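In: Pasting the sequence and the predicted coordinates here, then a few questions.
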Amino acid sequence: MASSHFVRDTLTKWDLSKWIQNFEDEEIDEEGFMLLTETDVNNLIPKIGPQRKFMYKHKALLTKRQKTCNVDEDIPLATSSPSKSSSGNVEISLPGAVENPVVKQTCEYTKTKRTIQNLDGKRKRMHTSNTSGAGKTWYDTNESFMFLQSKPSTSMGSPLPVETKYDVAIENKKTLKQKPCAASSTIVSFEMERKAKVKNIMENVKSKLNEQHLTKLIYFLKEKVDMLEKETKQIVGVFGKTGAGKSYLINTLLGEKLLPSGNQGACTSAMIKVEANMTGNKYIAEIDFITMKDWEDELSSIYMDRSCEELGENDMEGDDENEKISALYGKVEPVTTIEKLMDKKHFREIPEFYLSIKKHVICNKAEELAEKITSFTRSDTQSASCTFKQQYWPLVKCITIKVPNCNELLEHVVLVDLPGNGDCNRSRDEMWKSFVGSCSAVWIVSDIARATSEKEPWEILDSTVTLLGPGGECRSISFICTKTDNINENQIDICTTILDRNKITKKKVRDKFNNHKEVKKHFSGVKNFFQVFTVSSTEYNNGKHLKQHETEIPKLLEFLRNLNDHHTRTSNYISGACGILSLIQGAKSSDMKNSKEEVCKILEQRLQKNTESIREYMDEAYKVFEQCLSQGVQQSEESCEKLLNKVIAPRGKKGSGYHKVLKSLCIYDGVYKPKGNKTKEKERNLNESLATCIRSCIDEEFKNIFPNDKCGPIREQIEKFTLGTNSLVRDHPSVSLHLKFLNTEERELKAKLICDLRDKKKQIYFSPAKSILNSMHLCYRRAAAHTGKDTLKRMKEELHQHVKNSNIFQMAKDDMLTCLTKLKDHIVTELKCKLQESIDISLKIPNTSMLPDVTEDYKKIMELMVFSRTLPLTSVMDPLPNPTASQSVEGKSNVQKRVKITGLDGSDIHKNQRMSGCMVPTDAVEFVFTHWSALIQRVKMVERIADDLLVEFMIQDEIHAAITKASTTQNQMRILLEVVRAGGKIVTSAFFKALQNYERPLVQDLSHEACNSPGRLIVSLNS
């Protein structure tokens, strides 16, 4: 009742009481009110005026709630007076709150440094009184700095209740899972708090800007603040046959029973997205339905298929279609009409379906949510003896599940449980293709007992390769062998038997992938692109035979943490905020007209010169593609009859039996999609078949110019582009703040263009097939219209005549070249226009004192950036504790750690590294410290590299000055490498990126030398 009062009172307060009845009719309570989407509002309030008013006030309410939640729940403050513990840290009690004192950055660093040292090195813990039993929490008094040790995630929200229905093993696993990664979780918690502080600062800045008179500069600044919030997410597509263990694997990774698993005869039917709930502690499911029209068309297709059975075709799809009908309607009389099946009485429990809005399910526990959405996610075979229970999965397009307290894994990552192929329903099929084409990583899940013998996992790779590779953005494929614990219990040493089988299976899977030439040719084959994991969710939860790290679940968790990449995301956000405040501070300074004019002239000249350089390079790429496409057109014209007959007259398909397939293909613009999952029939796509020769002629060049798994030449041109603002700071210090802003703008624009490059290259790759579809559209309509005697023959003749007489292949070539030209124009125009606008705003608009004072805000952000540089980080690449290496925040540990690294050829290279902390080598770290001496002697562009690191806030101004003053490049590199060594993985990665930009030939030479050097390498950083 209170919730109803809330909705009524709120609408009355907003002068929208006229619409209260609509909200009550839909049973919208307070929680539902807060979760309303734009589509929901459009249905509830049909008038545009009140709609806009409601949405504006609703957004303001959400922002206020979120801010209150962050302050009151996410960052609890200490209450009691601090007291020293024996370790030198501070012990405090939990309840209540006190004012958060302001402390100096150096004090903040010292306290956190000591805390990290205790966490990482000596594994000491600081305890507080906590009677809730939810775990032990410690705080940094002066910063209200909280780390939750008992939770698997690093959310700053309230701890999850200990009692769950999943089972005791899962709850024990949550506690165990945190122990190996306590240090990395601590860092992630810190990164989240740091970002939250900067967000609050920028909200304060935006409020100040809103109070100002709207000018061109104020509008520009407000737009930049809004753009800070826009972030893209990495998608991990999880594929696998029913029963392979996909759902159980996802449940184990999240420590929650979210998806149906372990039930024979039941399987996940819908596409399911799993992401973090960033706004609260509830488990939320958003169910997106197909439209009423889509379902009516699907019913019509099912009835048409049944009537075609009289033609004698062996219908392999009936079981799947009958399952859909029986799941939703139960027993249906043969004479039942489509109109009766579309009656709204069948959808009484899901009014959202016929209202074309999303259904929201909100629960306090994962198990409760899983139970409520079962009928939307899984297909069960209805037993004749059981009471009919209506299921709604045939109507579901996609389900988004939002999980609280999993920010460490899923804040910037989405797990998508996908079927192995598309869907006969067009809207579901388009969404499926969109998800597959957007996957940054793909997991193929298979039972270890059938990993190499079963066809389906490998058929998934074959059928999706163009969507993942040249037509997508996949940078990693992982083959995950599940159920490794399923083994004969009579074995003497079960653990050794499991591990031996895992090792053999990994080799077999790698060998089989290497033999899949058609898949491999679409990828560049960089190191670790294809990985194999052998996992056991059961053993990870129960630990009967294997230790947790032997189940390889921790490796997958680390995979997600690395993809989530909190540090980079946070650094980018803070860097963007710093750029905006730099512009405001610079614009408030006294006018420096002469300096501005001189700098402006230099920058405009560089902008013109460097954009022309990119244009010239892309013109060369255009010529290469034009030659390849001309060859493809010639081959297509010579073999068009063969390409046509492969689809419309395949061997083994005779007479009227193939009539339905070709008819459907013509109705749906050249695509025939077999219905159901049980049929072994494959999709037939005439447009793709006709584009085969063109594709084969450009594949190699396309892979080289637009690779997913490494930096391609066009991306390299974008990354190399620079206005060189750092070099101007020394000669024009009076405009250093303006130049800092421009540098930030340049980096953000280049990052955006790289994202645009990924999206547009997909359009380029599929443009030949799309062009052919457009050219064939009218022909398909004419062919589909044929009826009566010899319909099959006349449809084939119609298609043959059109392909023969129309210039479809030349048009496909022209369309692809047009797409390439548009890409070139987009990159050049964006660089020119956006950077020219930024130059005009920062250097051509006269300085003004009317802007708000952000001096303190700027100072706080700069302190947070410096703190990020000096904070000692432990690598998250190694999730397991190292019992032998004593870690030191000062970076003075001399313990050697042996790490197993897979080489480019799949062999193991053992390296002993003497490194600070427990930094496990990644590509960047391994490379830098292996070639330490060679880098000192051979790197020439030291100052340019140092410039980049200064801009990225990886080195301080004093270090940069010392590097520029050094007499030789060797001395410069010695200074720089010492700083890199002390900075850990983050600084090393930034250094390696800059090294690739300015010394790419050297990097390639050293990598080649390393690949040709057999044996073990001993690398000492003290040499």
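Out: Yep, that arrived. Numbering: from 1, shown residues only.
In: to the chain's geometric centre, what's the distance from the biggest helix by length in the chain?
Out: Across the chain, the longest stretch assigned as helix under DSSP state H is helix 736-784. With Cα atoms, centre = their mean, to the nearest Å as the basis, helix 736-784 stands 18 Å off its chain's centre.
In: Residues in contact with the helix or strand just after it: which ones?
Out: Per DSSP states H and E, the first helix or strand lying C-terminal to helix 736-784 is helix 791-805. Helix 791-805 is contacted from outside by 640-641, 644, 648-649, 655-656, 658-659, 662-663, 666, 686, 690, 776, 779, 782-784, 786, using Cβ atoms under 8 Å, 6 or more residues apart in numbering. Yep, even glycine has a C-beta here, placed from its N, CA and C like the rest.
In: at 6 Å what do you get?
Out: 640, 644, 648, 659, 662, 779, 782-783, 786 (Cβ atoms under 6 Å, 6 or more residues apart in numbering).
In: which residues in the stretch 301-450 of the chain form helices?
Out: Assigned by DSSP state H, counting those that start in this stretch, the helices in the stretch 301-450 of the chain fall at 318-329, 338-341, 351-355, 366-372, 374-377, 407-410, 426-437.
In: Indicate which one of those helices is closest to Asp297.
Out: helix 426-437 (8.2 Å; Cβ to Cβ).
In: about what we covered before: may I see the helices of the stretch 301-450 of the chain organised as a markdown table, with mean neighbour count and mean pLDDT added?
Out: Listed next are the helices of the stretch 301-450 of the chain as a markdown table, based on neighbours: other Cβ atoms under 10 Å; pLDDT from 0 to 100:
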| stretch | mean neighbour count | mean pLDDT |
| --- | --- | --- |
| helix 318-329 | 18 | 76 |
| helix 338-341 | 13 | 87 |
| helix 351-355 | 18 | 90 |
| helix 366-372 | 19 | 90 |
| helix 374-377 | 21 | 87 |
| helix 407-410 | 25 | 86 |
| helix 426-437 | 18 | 83 |
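In: out of these, nearest to Thr39?
Out: helix 351-355 (9.1 Å).
In: Please give the centre-to-centre distance between the closest one and its chain.
Out: Centroid separation between helix 351-355 and its chain, computed with Cα atoms, centre = their mean, is 31 Å.
In: Check stretch 406-416 too.
Out: The answer for stretch 406-416 is 8 Å, by Cα atoms, centre = their mean.
In: again, but for stretch 463-476
Out: The answer for stretch 463-476 is 15 Å, by Cα atoms, centre = their mean.
In: And that stretch, end to end?
Out: One end of stretch 463-476 to the other measures 17 Å (Cα to Cα, to the nearest Å).
In: pLDDT on it, on average?
Out: For stretch 463-476, the mean pLDDT works out to 88.
In: buried residues in that stretch?
Out: For stretch 463-476, burial by neighbour count (16 or more other Cβ atoms under 10 Å) applies to 464-476.
In: can you check stretch 19-38 too?
Out: Neighbour counts over stretch 19-38 (16+ other Cβ under 10 Å) mark 19-20, 23, 26, 28-29, 32-36 as buried.
In: Return the member of the residues you listed nearest to Ala244.
Out: Among the buried residues of stretch 19-38, and counting by Cβ to Cβ, the member closest to Ala244 is Leu35, at 33.3 Å.
In: give the contact list for that closest one.
Out: Leu35 touches His360, counting by Cβ under 6 Å, 6+ apart.
In: And Leu259, by the same measure?
Out: Counting by Cβ under 6 Å, 6+ apart, Leu259 makes contact with 247, 250-251.
In: One more pass at 8 Å, please.
Out: Leu259 touches 246-248, 250-251, 268, 272, 274, 370, 377, 417, counting by Cβ under 8 Å, 6+ apart.
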